[in-house]
Structure formats: C-alpha cells, structure tokens
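1. everything below, folded, please.
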Amino acid sequence: MIQPADKEVINDLGAIESHTQGEIEQVNELRRDFKPHQVFMFSIACAIGTGLVIGTGSALSKGGPGSLLIAYILVGCTVFFVMTAIGEMATFLPMNKGFGGYATRMVDPAFGFATGWNYFLKYIIATPTNLTAAGLVIQYWRPDLNVAIWITVFGVAVITINILHVNSFGETEFWLGCAKIIIMTTLILSTLVVALGGGPNHDRPGFRYWKDPGAFAEYLLDGPKGRFLGFWACCCQACFGFTGTEVVGMTFGETPNPRKNVPRAVKQTFWRIACFYILGVLVLGMAVPYNNEQLIGATKQATSGGKDSAYTTLFHDSDFAYLAASPFVVSVSLAGVHVFADIINGCLLVFTLSAASSDIYCASRSLYGLAKDGQAPQIFAKARENGNPIFAVGFTALFILLGYLNASKSASTVFGYFVSMVTVFAVLNWVAILVTHIRFRQALKTQGIMVADLPYVGILQPYGSYFSLVISLLVIVFNGYDAFIPHFKLSIFILKYLGTIIFVCNRQGLECIFGNAGRRDFSQAYVQSLLDTIKQKDEQLKAKQSDARAFTDGTNRDQGPGAGSPSTSSPHEGSYVPALAPLTQSELPLSPVTELASGPAFEFRVKSIFRDHIGNRALLPPDISVATLSSAQSDRPVSQWENATDLVNGVPPPTLLERERSYELFDTFISLLGVNQHFLDSRVFLDSMDLLYHDDSSRSSQMQSIWFTQYLLVMAVAMLIGSPAEGSRIPPGNDLFAEAMRRIPPVHDMGSHGVISVEILCLIALYLQWCDRKHDAYLYIGSAVRLAIALGCALPDSEQQGLRSEISHRVRVWWTAYMLDRRLSVGLGLPFGADDRQLRAELPKASRGFESPLPLIINIRIARATSEIMTCFYGNTTMSQTDLVKQIRKILQTLYEIGSSIPAMFSFEFHESHLTASRTSASLYLMLFQAIILCIRPIILQCVKEKVQANQQGLPQSSLSPTINRLCQSCHEAASKSIQILSTLRRDKTIALFGYFDLDATFSAAFILVMMGFAESTDFQRPPEGLLEAVETLEYLSNAGNKAAQQRLDELRYFCVQAWSPDVNSKEWKWLQRENLHTNPNATYSLPQNIEQGIPSQNLTDIPIQNPAVMSSMNPDHASLAWDFMLTNVFEKDFTDEAEEIYTCFHDPNLPLTGVDELDWAEIGKVFQTREE
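-> Below is the predicted model of the structure:
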C-alpha cells in the first residue's frame, strides 16, 4: 500500500517527468496600465448604481426620511472605513490578487479562499442580472423584442471590452462614469429644485414631510418596534445601495504607482458618499412623503414607468431590487412633470451596462487572484501579452448564459431567488476586508513597524475597522428579520442566510478531506517504475555527495576560500601567485566552510571560466598581455592578516580634533549610519562629547575612559565615509583608528565595560571591512556577536533588565552586530558567529528617543534572507528537487515582501528619468538587490556554461523555459537597478568612497551584467548595457584613493577580455586600454569637469545617469520585466515544472558553486577554458 508521503513524491516525480524539455509556454502577468484618471473616475462611478436610483424608494417607504438619512450616514461611515482599510493595505503591499490575496496573506489561506470565491460568486451572478436589467429597460420601449436578444448583444459588448487591453476597459468605464455622475447630479439637483418649490406647481414642501406623515415610518409592527424595524430595513437597504463602492480596490493590482494613486482614490470615497448618497437621500426625504401612493404602489410596476411584471419577479428584494419606482421619478411627478420615467429608464441603461462590464472585470480578477494563490486551476492565472487574464475572463463570461433563464417565467423566478441569496456576499466581503485589515494592523504592531511609516494612514484606524465590522456583522445576522416577523417564513430564511452558510463552508472546505474522494488507482507496473526512479535519483544524489567529499579530501585545506587567492608556494617564501593565474582542478577546494558565503570568494571562483579562456594568447588584443593584466594584482599581500598591520603599526598618534570638526563628523556619522543601523546611543555620546570639550579636567577624564576609544572610532568611520584618501595606502581617519586600536582593553576586560564594548568591536569591524580588510573585520565582528550574547543583548525584551531606553538600545546594537556578522560571513564563505536556531531576540520596537525601527527591521530581514540563501542553496544541506524549488520560491517571495514593506519615504521611483536617492534608501535597496542576485545567480552561470558548450559543439543554444527566463531577467533587473542607484549616488557625490558595501555591490552587479550580456548577446563588439556605468563608478572610487576599487576594475577589465576579446581601440571598449587601466593613486578626489557642469560628452567618465544602458529596463515597454515592488511577477511563480532544470543549476558537479564571488568566478573560468581546448 502506498503511503500518503510516498504518493506525494510519486505525483511530484510524475509532474517532473511529464514536462517536455525545451517547450516554451508564454506566461504573462497583469500589467499596471490603468491610467490615474481612469482609477479616479472608476472609484466614483462604481459606487453609483441602481440601488441608489431605485432601491432608495423601497427604503423610504419602509422607514421614512429620518430613518433613511440616519441609516445611510451609519452605513456610509462603515463603507468609508472599509475603503481606508483597503487603502492602507494596498499602499503598503500592492498586489494583483484582489481581496482574496490580502486575506490569504494577512489571515490564512482558508479565509482567503472563502473571500475570493465569495467575491467571484457574487459577480458572476450580478453579470447576467445586470444584462437582463438592460434588456428589460429596452423592453420598456420595445416590448415586442425578447429580452434574450439584448442579453446577447450587450453580453458580446461587455465581453469585448474586457478582452481588450485593460486601458480600453478603463477608458470605457471612465466615460460611462462621467455619464453616471452627470445623471446623478441632474437627479439630485432636480429633486432639490422640486423640494424648494421650483416645479411647475410651485409647491414648496421643504421639510413638511418630516412632520406629516413624519420622519420615522412603522414597518411590519406598530409602535416603537415598528419604527425600529423600519430603521433596520433602511440599514439593510443602505448596505445594498452602497454595494460596489469597494470595487475600485480590484483595480489596485493594475494601477501604476499605487502608493500615489491609491490614496487619492480612497480619499474620494468620503466626498462621493457625502455628495451622492447623503445629499441624495436628504433631498428625497424632502420631496417625497413615505406614504405616497405612487411610491408604495410602484411595487406592482416593472420599471420606473412600469410595464413588465417580470422585472419585479427577477429583482426580488436585492441590491438590484426594483420593488419601488425611483423616488426621483415620484418627486418630479408630484411637481407636475410626467416624462421623467423615460429619462430614468435611459439612465438605468447606462448604469446596468457599466455594472455588467465591471462585474466581469471583478469576477475575472478575483478568479485570477485565486489561481495565483493555488486556490483555483492554474490556467486562470495565465494572461495575454497585454496583461489580460484571458482564461479567467472567458470562464467568467460563460455565466452570462444564466441570463437566458429569464426566457421562462418559472426559470426567471428561480434565478431571481438565486440573485437575492447571493447579495449578502457584498456585506460578507466587507467583513473579510475588515478582518484582514485588523490582522494587518496587529502584524505591524508585532513587527514593531510604526503606523506613521505607512504610505497612507486611514482616519480613525484601526478603530474604524472595529466599528464597521460590528455594523456589518449585525446586518448579516439580522438581515433576515422579515423571515421571523410576523411569522416564520422558510423560503425567506433560506434566501437571507444561505449566502452566509456558503461563505462559512468555503472557509472550512479548503481544509476538508473527503474520505476516498478523488482516489486514483495506479497499475502495479506504473508504481514500480516510479519507485525505481526514486531509487535511481537517490543513488545519483549519494554519488554526487560522495564525489564532493572525495574532491574535498584531495585538496589542500590550507587554501580555502578564506585565504584569498591560492598560491602554489609556501607563504614563507615571499612569493605570490596572482589571483588571475590559471588554477587546476585540485587547487580549488570545496569545503563545508566555503559553502556559507558570497563576496570576494565569488570573484575568485568565477574568474577562471573567463580567465582560462585567455589560455590562447592569440585571442588577446595586441596591446594587452597576461603580465599586464595580472600586474595590478601583484601587490596583494601573502597573508590575509598582514593587511591590517599597516593600519596600526608605525602610525603616529593623532591630535585632538577641533570641537566643530568633531560635531560635524558626528552629524555625518548619525545621518548616514544612524537609521538602518545602530552603533551607539546618540544622546549618551553627545553628552560625553560635550564633557570632552567642556574643560581640561573633564577632557582628561574622558580621554582616560573607554568612551574615548569609541569616539576615535566614530570620527575615523565618519572620515572614511566621504573623505578622499591622502595616499595610496592610507585611508582617511587611519591615525584615529590606530590610536583606538592601541587603546582597546584586553579581551578578558571587555565584558566588564558592558554594551559599549560591543559597539566598539562593531565599529572596528566596520572600519576594517570598509578598508577591504574583511578577514580582520570577520574576527572582530565575531567577537562582538559573542560578547553581545554573553551580555544578554540577544534576549527577549521581557528578560532584560534596565530602563526601557537601555533595553531598546541594547536590542538595536545586537541586531547591528548580527547584520554585520551575516554579511561579512557571507562575503568570505565562513561560518556565522551565532546560530539563528539558538537565538530568541525580538525585533526592535518603536521607542521614544530612537529612530523609527522600520529601516532597521528591513535591513535585518534582508540579512536573514541572505544567510538563508547561503545555508540552503550553497551549503551542505541535502535537499530534494521539490524542496529546493519550494525554498527558492519562498525566499524570492520573502524578498518581494521585504521590498514592498519599504516605507514610501525610503522608496525609489525607478521609472522617473531623474532618480534621487538618500543614503538610507540606497543602502536598503542595494542590500535587497544583492540578495536577489545571490539567490538567482547560479541559474545565470548555468546558462553561460550551456552557451559555451553549445558553441563548442557547434549546436544552437537551447531556448529557456519561461520561468528560467524570468528568473534570469529578474536577476539582471536587480543588477541594472543597483547600477542605477550607485550612479545616482556618484552623481550626487553621496557614494561612499570607502564605506558601506557600495564597492561590492558595484562589482557584483557588473559581473551579472557581463554574464547576461554574454548569455544573451550575439554582438560582442559592444559592452553589455549598464557596464560602462559600473566601470565609471569603479573609476570614480579608484580616483578617490580606494585601492580595492582599482583592483576590482582591473579584474573586470580582464574578465571582459576573457569573455569577448574586444577591440580595445573601439569607442565602446576604450576603457580597456592599458593606459586607462591604472589611475594615479595620489590623484585628487573630484568629479570630471563635464559631469560637474552637466555638459554632454562622449567620454566614459561623463555618461549621464539617464543613459539608456541603465534606463532601458525602466522603459514602459519592459514594465512586465521590471521589479519595482509594485509587480508580483516571477516572485510568485510556481517552479514545479522547471524543478529539475533549476536543481541542476545549484547541484551541477561540473560547476560546483559556493555563492562566494571569487570561487564561483573561477568555476566560470573553467568553462571558458574548455571552450578553447
């Protein structure tokens, strides 16, 4: 008997084996092509429906003008809070899955399942209903024509509108919305004129009808109970009258720049409620008495003029209910105008056609969102090239056929009951939105995210959501009051409550298991073949692991990734083999320690794919030699520990800085490092600095304390951020750093000083890392992490002792040390300082006197995701194909969520031609893009390998599957946007000449651009797009005295020569010439004159930020590939069909990758070496 777990494996294998390699399936996404003016008008027009024009008559006759006005104000407030709840979630996390997607994300998949299907069911019934209404309106003038004719004609029209580009739908709704606004404005003004005596009979009722017959009518019962039932009847009718107001929320997934356009649409809710609903029912109560015979007797009429009783039968007591003629018609009829019925019927035609078109739109988008979450067949998640979900639209349109039931009287009666039953779904959807928003606010509080950091904050939220939830639940529970009064009526009870029962069943149904339902029998031979496949793949996996262990055992472990570059001679001999020298297979260790990384080691591993490609010197341009290319590397030291000695030894003691200079440097430090990191408590530090300059006595005391060591490091780091180097080997602030190092207490004394010791160790690691002494930095940050743990900084807040501000400070310092440790460890391929499984620290929370924790939390989440990438994809963990692709999808989704949670104040508008960037924003985005690159990079390297092998064998390069292609494009997009940010920082002179990870990000992004350029391009005479901007940034840093930047530039130059062997005399490759390789190490730090003056030039150093190489990906034509946190493209894909191909990219024994820059670069070099053999 096959166990359930085995069955899942069998199904997974069957899915993988059934996938046809090389078969390309075009997969597209919804596109943000709604225009702002269309969204604005849609937000107004979707709330104006027949419930307001017709349904208010029924409410007025039951409750009177006073009850009607109070009910509409009460429900109007409810709807307003629903809209503000949608606005908060949609601006913070824009997604194209509709309301079901938010419910799935914020509550649970079962609740999202029920919400999505609830909305879908509501609108597939509403579509034929509105089309039938349109046909019946036509029958008012042409009763001889069957309504089925008009259902067909109008059905084809609305389907065509929805199949076209979403912009066409938006434009149609825009003009229909304009017409609806004009109609409603005319109706309200006409009624007001009548109420003020402007009719032909010149009767001016004013508020007369509020006195006689009165403001509150009795309904079903006499006395106060009857008046209360009248009020409640008005409330229920008001809910149905407001149905559709939230529909604009379905467009947010296709709205450009939602963080700007969504709040604008939401804010209009208040005015349309006040102007159309509240003012409308107020003037109706003035112009029409609730006991008017025409108003009450209209229940027997078909339309506003009344000619077909089927109309009443069909729309029985619902939001499409036409139980009474339009009170607007009654009002003008009382004034002596008798032609208004024809005008109202013409208006209703516009209303119903607009409603039918938006019904298909809403139902199809809801179905699309369900499919995206795996809660509906995946075919409905597919879209055309123009972003239209064609299959979802087609399936939704099939339900128009239900409208033909009205050809039969009995069938139309049944259909009318069905319509009445599902109208409660509208209020259920409000409940779903409000519950989701409440959970959203709870999540913000748990994560320590301040409400003020949200792009849009709703008025009186979250209290408004609680208020609206109570009102909505009361309506749902007591909506069927008339089923019990004056006696119980089963048919009405079923109609009123069956919709709620269906919603609850949907909520539970997702998690139900129905016995043997769906059980499928497999032949014994088929089962055996699949089990044999499992066994075979098991053996292959074990063989790969065995080969990896044997390969590791045969290497020299002293030459691990932490050693920088391998050497064939003893380090004591004083000789050094350049990093660009060819390596043999045995010289490339693959130890467990290497498999936890991403940084300089990645460079080394990838270099050899291109490096060894130069084995044939005939490929080199005449003025380039191997000696020339490797000369830039010849001055690298033998030992990784000798790099830091020149920063301390022989450096004379510094003089104390002037007071103004100290405060200036401290301001620089806090403004650039005090937002998304936390190295010190600025209040305590400033107090101590005041004492330093107060008088001689206090100065002497301060200089003898451990705080002075911290002061020296802060000043040194601040100098390093933006000051040019004084010489080729002296970074800014070196003398202050050296003095601080001489003052550090011994290790056994560090703990006695408390958390300031952790701060000092973090600052030392930061300075060393920025000076490209990463191994030394790794040593100090590891000590900082362990000391912080020992001091209890990593404990939950409730378990720490001290003042609230002290606990907040310690928690922030801990997470800063944690992030630095993760990034340095990842960059070197070395183990982390602490295991996440043993940590219980809580994320930073909002605290008075401290910066908002949101940027810091985002930074922490990126660091966590980065470490998870290295551990899962490049580590020793054994993973199956299914687990691997699930983990990739999970991490990419996490990164997408992180990007979406970046506050508006720190977000970028990449589509703008002139990008502006703050230091905090740039750092967050660069770290995020680096994590994306790290996650997807092995797939790109595998594509490069396959292209080299195809060229070697004379075969055409195999086409990529859609998912693989999208992953590669996303990685390329992250690299391009990184270069765009860095170029902006360089242009604004805010790029860190030594600090941050700007240099690493530049080189990593440039490497991806070269890889993608090689894999995609057939024109090797032009550099890949964006590469020149990366080179310009590296030259800029090199000119400032950053020696590591010059080394990276040399390596990049050599890298391009290996890949393309370009003509260095050509304009595009001029920067490869030997005289451009090195810059004067003593050159002053300045921008090229042409850049400073903004004068166009063709030289390399003044290519503007708007260069097409960087901006091409921002072109609207490439919107489907751009990842600007507003699109849910590849990050929500199901990778099951490409599981084997993706798995190979991460577990190719002929291309062992570690995630470490240098080592992975070397592996790519081997591929190019084989191309030349």
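2. what about the helices in the stretch 851-1000 of the chain?
-> All helices of the stretch 851-1000 of the chain, identified by DSSP state H, counting those that start in this stretch, fall at 854-873, 881-900, 919-952, 962-987, 998-1016.
3. now tabulate these in TSV and tack on mean neighbour count.
-> From N, CA and C alone the C-beta is placed, and that goes for glycine too. Formatted as TSV, these follow (neighbours: other Cβ atoms under 10 Å):
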stretch	mean neighbour count
helix 854-873	22
helix 881-900	20
helix 919-952	23
helix 962-987	24
helix 998-1016	25
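4. excluding chain neighbours, what is closest to residue 872?
-> residue 887 (5.2 Å; Cβ to Cβ, 6 or more residues apart in numbering).
5. the one you found contacts residue 865, correct?
-> No: checked against Cβ atoms under 8 Å, the pair residue 887 and residue 865 is beyond contact range at 11.4 Å.
6. got the CA coordinates for stretch 108-115 in CSV?
-> Extracted in CSV, the C-alpha atoms of stretch 108-115 (Å, rounded to 0.1, in the frame of the first residue of the first chain):
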residue,chain,number,x,y,z
ASP,A,108,-4.8,32.4,6.4
PRO,A,109,-5.3,30.6,3.0
ALA,A,110,-8.7,29.2,4.0
PHE,A,111,-10.1,32.7,4.8
GLY,A,112,-8.6,34.0,1.5
PHE,A,113,-10.1,31.1,-0.3
ALA,A,114,-13.6,31.9,1.1
THR,A,115,-13.1,35.6,0.4
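7. so what touches it?
-> With Cβ atoms under 8 Å, 6 or more residues apart in numbering as the test, stretch 108-115 has contacts from 99-105, 370, 373, 375, 429, 432, 435-436, 503-504, 506-511.
8. can you name every helix or strand that whichever helix in the chain runs longest contacts?
-> In the chain, with assignment by DSSP state H, the single longest helix is helix 56-92. On a contact count with 3 or more Cβ pairs under 8 Å, 6 or more residues apart in numbering; DSSP states H and E, helix 56-92 meets helix 98-106, helix 223-241, helix 258-272, helix 279-287, helix 293-297, helix 327-334, helix 425-447, helix 463-478.
9. relative to helix 98-106, how tilted is it?
-> Using axes from the mean of the first three to the mean of the last three Cα atoms, to 10 degrees, one finds that helix 56-92 and helix 98-106 are set 50 degrees apart in direction.
10. quick one: mean pLDDT over helix 56-92.
-> For helix 56-92, mean pLDDT rounds to 88.
11. likewise stretch 428-442?
-> For stretch 428-442, mean pLDDT is 90.
12. quick one: closest of the helices of the stretch 851-1000 of the chain to residue 388.
-> Nearest to residue 388, of all the helices of the stretch 851-1000 of the chain, is helix 962-987, at 17.4 Å by Cβ to Cβ.
13. one step back: now list the buried members of the contacts of stretch 108-115.
-> Taking 16 or more other Cβ atoms under 10 Å as the criterion, what is buried in these is 99-105, 370, 373, 375, 429, 432, 435-436, 503, 506-507.
14. let me know the angle separating the longest helix of the chain from helix 258-272.
-> Here helix 56-92 runs at an angle of 160 degrees relative to helix 258-272 (the same axes, to 10 degrees).
15. between helix 56-92 and helix 881-900, how big is the angle?
-> Using the same axes, to 10 degrees: helix 56-92 against helix 881-900 is 100 degrees.
16. in helix 56-92, what counts as buried?
-> Neighbour count says helix 56-92 has 56-92 buried, by 16+ other Cβ under 10 Å.
17. can you check stretch 803-819 too?
-> Buried residues in stretch 803-819, counted by 16+ other Cβ under 10 Å: 807-819.
18. tell me which of those residues fall in helices.
-> 807-819.
19. just give me the closest of those residues to residue 688.
-> Using Cβ to Cβ, those come closest to residue 688 at residue 809, 14.3 Å.
20. close enough to count as contact, the closest one and residue 682?
-> No: Residue 809 lies out of contact with residue 682 (Cβ under 8 Å); the separation is 10.0 Å.
21. so which helix or strand takes in the closest residue to residue 848 other than its chain neighbours?
-> Nearest residue to residue 848, sequence neighbours excluded (Cβ to Cβ, 6+ apart): residue 805, at 7.8 Å. Residue 805 belongs to helix 804-828 when assigned by DSSP states H and E.
22. what's the angle from that helix to helix 919-952?
-> 20 degrees.
23. what is the mean pLDDT for helix 804-828?
-> What helix 804-828 shows for mean pLDDT is 90.
24. do the same with stretch 933-946
-> Across stretch 933-946, pLDDT averages out at 83.
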